[in-house]
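> Got a sequence here, can you model it:
(chains A and B)
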Amino acid sequence: MTNFTNEAIEINELPKFEEVQLRGLHSNYLKVMLFNFSLLIILVLGGFATVFVLKKDIFSINVWGSIFVALILLLGLIVFFTKKSFKKIGYAFRSHDAIYKSGLISETTTIIPFNRVQHVALHQGFISRKLGLASVELFTAGGSSSDLKIPGLLLEEAQKIKNLVSQKINPTAERIESEPTAPLNTDSNE
Amino acid sequence: MSKFADFSQPQRQSLPGIVVMFANTLQKSVRAFWPILLIWIVKIETLNKFFVFGGITVAILIIALISYLQYYFFTFHIDDESNEFVIQKGVLNKTRITIQLHKIQQVSINQSLIQRLVGVHKLEIDTAGSDKKEASISAISHDLATILKERLINHSQLDKSEIAETILEENTPTSFIKIGLLSLIKIGFTSNYVKSFALLFLFFTTIMENLQQFSQNEVINEDKVTSYLDKLPMLTSIAIVLGSIVGLVLVVNLVRTVIKYFDFTIQKSKQAIILTYGLISTKNTLLNPNKVQKIKITQNYFQKKFDVTTIEVHQASSDVEKVKEKDKIEVPGCTANERDAILNLLYKKLPTREKLYLPNWRKLALNSFFLLVLPLLISLILVFNIKIITWKEWILYACVFSLFSGLLLWFSFKNYKLFVSNDFIIKQNGAWDIENNIVEPYKIQAITTQQFFWQKGTNIGSITLSTAGGTISFSTGNYTEIKNLVNLWLFQVETSEENWM
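All right, here's what the predicted structure looks like:
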């Protein structure tokens, strides 16, 4: 307690997480993000189209026109903001922790020290698999709020990261973890 | 082991356990069929007596048979070869629960009212990790339960510290803190008003509903009550109604607290801390200081004057998705000295409040806007458009609301503080009940910082620390300071050799 002033100086000499150069996600992941949103838009469009074909009389032509314009605008906005938020996503692996930053309106940075990671999982969604991407999820004992998921990594890279983290958690299990036949957890909602 | 008891062969529960099982099954059946039972009771005059009582007798016989079969097929034993605790149960659907001994976290012995009547105890086993299997033996004699508990716990600790001798000394726990009736009464009078009020409200509304449904002529004549109150001067009748509500809430609070925490004793043994409490059903919990993740200390103004505090100990949860009640242990009504003693016991030193961090004044401004200005504006618009109340009334209500809300906002802002020292993080918050959440830096699992884009110019941000026993967050603070703290805590977590659990 008595050497607290020493501590205060030390704080500034500690490695700074905010100055770490973050890596962006693989550019193909933007396609995954856009695809997920466009699915939604297609559903909405399809809904309106069905109504248009079956019961044209509900709205006047003007209303139909404005709905169409609004949907196009919405699509444009979604593409614009998805691109913006994609650029905001960044991750980094330091020797002792993993950093993940995201968010357009609210910028959130999550940091998990490796010595608190319980287990690592590798997910691959349908579209991600087609594009050769995968995501790595780090689980801690702090509940779902403190789990960290890094999407949009090249499969090879993701496997490397997974092995790296597994080694850090459990150095003795090294040999088993690095075997190429390790099963992949697949996830369909991506 | 000190006493010899053979757990290697599958054995049944103690014989009076049939009574416990019978009572449990009976309770479940009554709960499931209560609407039918209620109709029978109401219409008992019109039904064939022979048929009704015959039916009840047959039902009770069936339940008795089921409980005997449940008793007969329930066995437990310790498999020494695979080091597993095995429970087999089920009449038609057979279930076999196996628990690896080294995974056992907690073994608790409890006693409910029925169990107390027939003189048996319930033994519950809590395991670690995401493994959701949990086991309990609902009827076991106290001696056997203690021996079994010792066997289970010793086994699970043998792996960690291979010295069995130290554990043997553990058999005589020393009494550490005993919370007297007076402290409980003090706590009962000064806390949980909202909870008790909600309980009372629920209780009365259900009672009134049921009464109105089942009897055509109301038992309590509402008109009589209102006319009686009308005769009195307005202030007196308001005072009577308010007074009776406050009185009832206090009584309910008091009774609840005393029944739940009667004879609260904390005992200390070598490895763990044992808590025993309860009037009707005795609870017996083990608390492992290593498992403690977060401690919450709550005290309000009255409690400060009476020198009583409530301590909540959050342990690492075995079920990550939802923090169970079991992992949250409450110590009601201890004095400042007892509080320090408990903290000393759990942390081996007292948490100190060193460097102070305060929120930005914008926190007060933002909260005031959403909780004071916005409601006032909405009510103003409402009154302006649809005249529900007169302007005079609105001004009166608005003044009362502003005063109340303003005071709450001011105090919750004033009490919002973060203290950081080398070994502890203490976050204080609350307007009336002032909470202090204490976390040790090396128990942090993950750190999240967050900043809205409009907060960039003013350099404001928030931080959330996740532990295995809940989170702590501090919002609208100086972002540079927060980032420095993050770097410090990361350093502490990453260099810490201590086991967080």
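
> And the helices in chain A?
A:4-13, A:28-54, A:61-88, A:126-130, A:155-169, A:174-177 (DSSP state H).

> Kindly format the C-alpha coordinates of the fourth one as CSV.
What that stands for is helix A:126-130. The C-alpha trace of helix A:126-130 is given here as CSV (Å, rounded to 0.1, in the frame of the first residue of the first chain):
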residue,chain,number,x,y,z
PHE,A,126,-22.8,-22.0,-44.5
ILE,A,127,-21.7,-19.0,-46.5
SER,A,128,-18.5,-18.6,-44.5
ARG,A,129,-17.6,-22.1,-45.6
LYS,A,130,-18.2,-21.3,-49.2
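
> In it, which residues are buried?
By neighbour count on 16 or more other CB atoms under 10 Å in any protein chain shown, the buried set for helix A:126-130 is A:127, A:128. Yep, even glycine has a C-beta here, placed from its N, CA and C like the rest.

> So which elements touch that helix?
Contacts defined by 3 or more CB pairs under 8 Å, 6 or more residues apart in numbering or on different chains; DSSP states H and E place helix A:126-130 against helix A:28-54.

> Let me know the angle separating the helix it packs on from helix A:61-88.
On the basis of axes from the mean of the first three to the mean of the last three CA atoms, to 10 degrees, helix A:28-54 is oriented at 170 degrees to helix A:61-88.

> Packing partners of helix A:28-54?
If you count contacts as 3+ CB pairs under 8 Å, 6+ apart, helix A:28-54 packs onto helix A:61-88, helix A:126-130, strand A:133-140, strand A:148-154.

> In JSON lines: these, plus mean pLDDT and distance to residue B:194.
JSON lines is the format used below for those (pLDDT from 0 to 100; distance: least, CB to CB, whole Å):
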{"stretch": "helix A:61-88", "mean pLDDT": "87", "distance to residue B:194": "40"}
{"stretch": "helix A:126-130", "mean pLDDT": "86", "distance to residue B:194": "48"}
{"stretch": "strand A:133-140", "mean pLDDT": "90", "distance to residue B:194": "33"}
{"stretch": "strand A:148-154", "mean pLDDT": "90", "distance to residue B:194": "36"}
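
> Tabulate the ones you listed (CSV), appending distance to residue B:41.
Shown next, in CSV, are the helices and strands packed on helix A:28-54 (distance: least, CB to CB, whole Å):
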stretch, distance to residue B:41
helix A:61-88, 61
helix A:126-130, 60
strand A:133-140, 53
strand A:148-154, 57
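
> Let me know which of the ones you listed is tucked in deepest.
Stretch with highest mean neighbour count among these: strand A:133-140 (a mean of 23; mean count of other CB atoms under 10 Å in any protein chain shown).

> how about the residues of chain B near chain A?
B:316-317, B:320-321, B:323, B:352, B:354-355, B:421-422, B:444-453, B:464, B:466-468, B:471, B:483-484, B:486-488, B:490-491, B:493-494, B:496, B:500-501 (CB under 8 Å from any CB of the partner chain).

> Over to residue B:275. Which of the three states is it?
Classification of residue B:275 using DSSP: H, G, I helix; E, B strand; the rest coil returns strand.

> Is the residue lying closest to it once chain neighbours are set aside in a helix, a strand, or coil?
The shortest distance from residue B:275 to any non-neighbouring residue, by CB to CB, 6 or more residues apart in numbering or on different chains, is to residue B:285 (4.8 Å). Following three-state DSSP, residue B:285 is assigned to strand.

> any idea how far residue B:285 lies from residue B:262?
15 Å (CB to CB, to the nearest Å).

> The two: which is more packed in?
More crowded of residue B:285 and residue B:262, by other CB atoms under 10 Å in any protein chain shown: residue B:285, with 20 against 15.

> Show the contacting residues for the more buried one.
B:106, B:108, B:274, B:275, B:276, B:326, B:329 (CB atoms under 8 Å, 6 or more residues apart in numbering or on different chains).

> May I ask which of these has the most neighbours?
residue B:106 (23 neighbours).

> what does chain A have sitting close to chain B?
When proximity is defined by CB under 8 Å from any CB, chain A lies next to chain B at A:1, A:4, A:7, A:11-12, A:14-18, A:96-97, A:103-116, A:140-148.

> Which among the residues you listed count as buried?
The neighbour count (16+ other CB under 10 Å) marks A:17, A:96-97, A:107, A:109-116, A:140-143, A:146-148 as buried among those.

> Mind checking which of those residues land in strands?
Among those, the members falling in strands (DSSP state E) are A:97, A:107, A:109, A:110, A:111, A:112, A:113, A:140, A:148.
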